[in-house]
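Q: Please find the sequence and the predicted model below.
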Amino acid sequence: MKIQRSLLLLLFVFTIQFGVNAQEEENLRINGGNIISFDFTYGFHLPGGDLNDRFGRNNDVGGALEFMTANDNWIFGVRGGYLFGKFVDEDVLNEFRTSNGNIIGSSATYANVTLLERGIYTNIEFGKLIGLVPGNPRSGLRLTVGMGWLQHKIRLEEDRASFVPQIVDDYAKGYDRLSNGFAITEFVGYQHMATNRLLNFFAGFEFVQAFTQSRRDWDFVLEKKDETKRKDLLVGFKVAWILPFYISSKASDNIRY
């Protein structure tokens, strides 16, 4: 009797283990292989370094085209995005303000000119996904580094009812402090690639170090060309929705999504 119970127990354990292994093999078949993916991101950043003297917190939206290898989960891609914010700490229009802080426009009335942060970034990225989820090697710790270009400026949002002629068209270039330069980006976070392909995302922390300088020939506020070498920093959180296309080695099942 005891022998029969032991045999039944071994058979039960073997059946469960076989089912688990079969499920893991099925998961690998579904989301295994090389992957070409598009992602769409939203980020929130706090500035540091010289950038902290010019701007406050900002947001960014962007996307990327990536390739992930089948066996080792190496990541290669190109990424870009658009930075925007409403917190500007350098008042480049101070010379136009009256004693009460207003600006007089073309119609001899107060003009409402808003200062905003605008920017773009592009980079080439390289990294690795370290699988942490049993049965799903495509979900786990995501680590990437990137090298590229960061650009930012102060946007002068004019009042349509009473504009300021000193800052329109090409004159605005003397106040917008357009700056750009080489940038390095690091990201660490969690990436999930569902075995049913329905839920694919990553989220984590991003760090940017950029070495920029002014690209304008003349700064009206400084009354000279700004040749300051800047070190601009960003620290923030980023989340992305991923649209993957799985490339299979089988001729009958070349691309799946």
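A: Nice, thanks for sending it over. Numbering: from 1, shown residues only.
Q: use CA for all of it now, contacts and neighbours both
A: Will do.
Q: quick check: domain ranges of this protein?
A: As given by automatic domain parsing, the domain ranges for the chain are 1-31, 34-248.
Q: mean pLDDT for those: which is lowest?
A: Mean pLDDT is lowest for domain 1-31 out of the domains of the chain, coming in at a mean of 45.
Q: if we can go back for a sec, give me whichever of the domains of the chain is most buried.
A: Among the domains of the chain, domain 34-248 has the highest mean neighbour count (mean count of other Cα atoms under 10 Å), at a mean of 18.
Q: Secondary structure element holding residue 70?
A: Assessed by DSSP states H and E, residue 70 sits outside every helix and strand.
Q: Would you check that it makes contact with residue 128?
A: No - in this structure, residue 70 is not within contact of residue 128 by Cα atoms under 8 Å, at 11.7 Å.
Q: Excluding chain neighbours, what is closest to residue 181?
A: residue 212 (4.1 Å; Cα to Cα, 6 or more residues apart in numbering).
Q: That neighbour falls within a strand, correct?
A: Yes - judged by DSSP: H, G, I helix; E, B strand; the rest coil, residue 212 forms part of a strand.
Q: show me where the protein has strands.
A: All strands of the chain, identified by DSSP state E, fall at 34-49, 58-68, 74-85, 103-104, 110-111, 114-133, 136-157, 179-193, 200-214, 230-247, 255-256.
Q: List the neighbouring strands of the longest one plus their orientation.
A: The one in question is strand 136-157. Sheet pairing of strand 136-157 (DSSP bridges) gives strand 114-133 (antiparallel), strand 179-193 (antiparallel).
Q: looking at the strands of the chain, which is closest to residue 171?
A: Closest of those to residue 171 is strand 136-157, at 10.8 Å (criterion: Cα to Cα).
Q: Please name the spatially closest residue to residue 34 (chain neighbours excluded).
A: residue 70 (4.2 Å).
Q: Now residue 162: phi and psi?
A: phi -150, psi 90 (degrees, to the nearest 10).
Q: OK, contacts around residue 150?
A: Going by Cα atoms under 8 Å, 6 or more residues apart in numbering, residue 150 touches 119, 120, 121, 122, 180, 181, 182, 183, 210, 212.
Q: Tabulate these (a markdown table), appending distance to residue 108.
A: Formatted as a markdown table, the contacts of residue 150 follow (distance: Cα to Cα, whole Å):
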| residue | distance to residue 108 |
| --- | --- |
| 119 | 33 |
| 120 | 36 |
| 121 | 39 |
| 122 | 43 |
| 180 | 36 |
| 181 | 40 |
| 182 | 44 |
| 183 | 44 |
| 210 | 42 |
| 212 | 38 |
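Q: how close does residue 50 sit to residue 103?
A: 27 Å (Cα to Cα, to the nearest Å).
Q: cool, and residue 159?
A: Applying Cα to Cα to residue 159 and residue 103 gives a distance of 11 Å.
Q: Would you agree residue 141 is in contact with residue 189?
A: Yes - applying Cα under 8 Å as the test, residue 141 and residue 189 come out as touching, 5.9 Å apart.
Q: Residue 99 and residue 93: what is the separation?
A: Taken as Cα to Cα, the span from residue 99 to residue 93 is 13 Å.
Q: Now do the contacts for residue 241.
A: 39, 40, 41, 200, 201, 202.
Q: Out of those residues, which two sit at the greatest distance?
A: 41 and 200 (12.4 Å).
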